[in-house]
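J.: 3D, please:
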Amino acid sequence: MTTLPSLLIGKHIARYPIIQGGMGIRISGANLAGAVANAGGIGIVSAVGLGLNSPYFALKQRKHQLFEANRLALIDELQKARQISPNGVIGINSMVVARDNETLVRTAVEHGVNLVISGAGLPLHLPEYTESYPDVALVPIVSSTRAAKVICRKWERNYGRLPDAFVVENPNTAGGHLGAKYQELGNVALNAEQVIPELVEYLRSEVGKDIPVIAAGGVWNRADIDRMLALGAKGVQMGTRFITTDECDADINYKEFHLHASPEDVVIVPSPVGMPGRALKNSFVKKAIAHSPDLEKRCIANCLEVCQCRDHQETYCIIQALDKAARGDVENGLVFAGSNAGRAECMMSVAELIKELVS
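T.: Here you go, the predicted structure:
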């Protein structure tokens, strides 16, 4: 078996072409990101909702509003990640649809991140937020070549630059929020085998740049990594696989829920952002699919640009659902997962996992 190549994104080189996916809320925090960076991958802190389970926010007293708590908690998390991995490649994942997205991105680059991965909407203004930090690599998440074209043209016209890489998410296999409509799920045109070669060719022939394409969704083992590289990707992003690691920042109940899941437990769930999500079946998800009136619809933070819960009293408060699960209430919270959930056989350290993936 050949040795995996290193991964160059902007000015930053990771020993292995593996990016750990950004999973909120507090699933991928400092402990996981720092461990992945130390092991030779790229560690990602999810910037979403960090303040909710932090000393900076109290739901009843409202000592700090959630956005300010998010900012302060992100600073803490990035400092901790850098203490764990002084020389590794560390970044954040930030959602365009989050109302404090700009603040979180500006905070992250001011506190030394190497790259910013941004999805849940097209990050058309991302270069503006990072213009004083040209060494920070900017990596949009897309599901199609069409979306990548829009970003490239907008960035070149308005900012005179291009993305340093693209993460291509396959909605048919990825976990969490999916970059496709309900009726599009299952369409083979969204699969990696279709999108990655097409995007690589577009970047090479029309843009004229060798911009790395990172495959995300459904990547579990070395064979999957090799398959994505053969399609033209320069690396992979893996989320679900890192949940059952010792260093994952989620509560042990969350990790064990993943560990004991079966592939049949993976279902599609509605979300207040108006897009489908992929999650593990539990009491909460059953209620969400059934549109139960018992779900929590109280908006605590006005955290999203688009929210069916806040605006129409439909679905549920997603930030509370994710936070509840991350703290260990895996029956009454939302447990996002990719299509490979249920394949983990045991808990292991990040170092052991990376060794398995690259051997």
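
J.: correct me, but residue 95 touches residue 48?
T.: Yes. Between residue 95 and residue 48 there is a contact at 5.7 Å, judged by C-beta atoms under 8 Å. For glycine as for every other residue, the C-beta is placed from the backbone atoms N, C-alpha and C.

J.: what touches both of those two?
T.: Jointly contacting residue 95 and residue 48 under the rule C-beta atoms under 8 Å, 6 or more residues apart in numbering are residue 24.

J.: what about the two, which has more around it?
T.: Comparing residue 95 with residue 48 by other C-beta atoms under 10 Å, the one with more neighbours is residue 48, at 30 against 26.

J.: How about that one: what's its closest non-neighbour residue?
T.: Nearest residue to residue 48, sequence neighbours excluded (C-beta to C-beta, 6 or more residues apart in numbering): residue 24, at 3.3 Å.

J.: what's the neighbour count on that neighbour?
T.: Using other C-beta under 10 Å, residue 24 has 25 other residues around it.

J.: Mind pulling the model confidence for it?
T.: Per-residue confidence (pLDDT) for residue 24: 91.

J.: Quick check: it touching residue 46?
T.: Yes. The pair residue 24 / residue 46 is scored as a contact, 3.9 Å apart, by C-beta under 8 Å.

J.: Need the residues touching each of those two.
T.: Counting by C-beta under 8 Å, 6+ apart, the shared contacts of residue 24 and residue 46 are residue 93.

J.: circling back to that earlier point, who touches the residue nearest to residue 48 in this structure?
T.: By C-beta under 8 Å, 6+ apart, the contact set of residue 24 is 46-50, 93, 95, 322.

J.: Tell me if it really is in a strand.
T.: No. Assignment of residue 24 by DSSP: H, G, I helix; E, B strand; the rest coil gives coil, placing it outside any strand.

J.: Could you pull up phi and psi at residue 348?
T.: Torsion angles at residue 348 (phi, psi; degrees, to the nearest 10) stand at phi -150, psi 170.

J.: Start the count at 4 instead of 1 going forward.
T.: Got it, first residue is 4 now, which makes that one residue 351.

J.: How about the contacts made by the residue lying closest to it once chain neighbours are set aside?
T.: Using C-beta to C-beta, 6+ apart and skipping residues adjacent in sequence, the residue nearest residue 351 is residue 248, 6.1 Å away. By C-beta under 8 Å, 6+ apart, the contact list for residue 248 reads 35, 38, 258, 350-353, 356.

J.: Keep only those of those that are in helices.
T.: Taking DSSP state H, the ones among the contacts of residue 248 that sit in helices are 35, 38, 258, 353, 356.

J.: Present these as CSV; the columns should include neighbour count.
T.: Output for those, formatted as CSV (neighbours: other C-beta atoms under 10 Å):
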residue, neighbour count
35, 30
38, 26
258, 21
353, 24
356, 25
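
J.: now, which of these sits nearest residue 109?
T.: Nearest to residue 109 among these is residue 35, at 23.3 Å by C-beta to C-beta.
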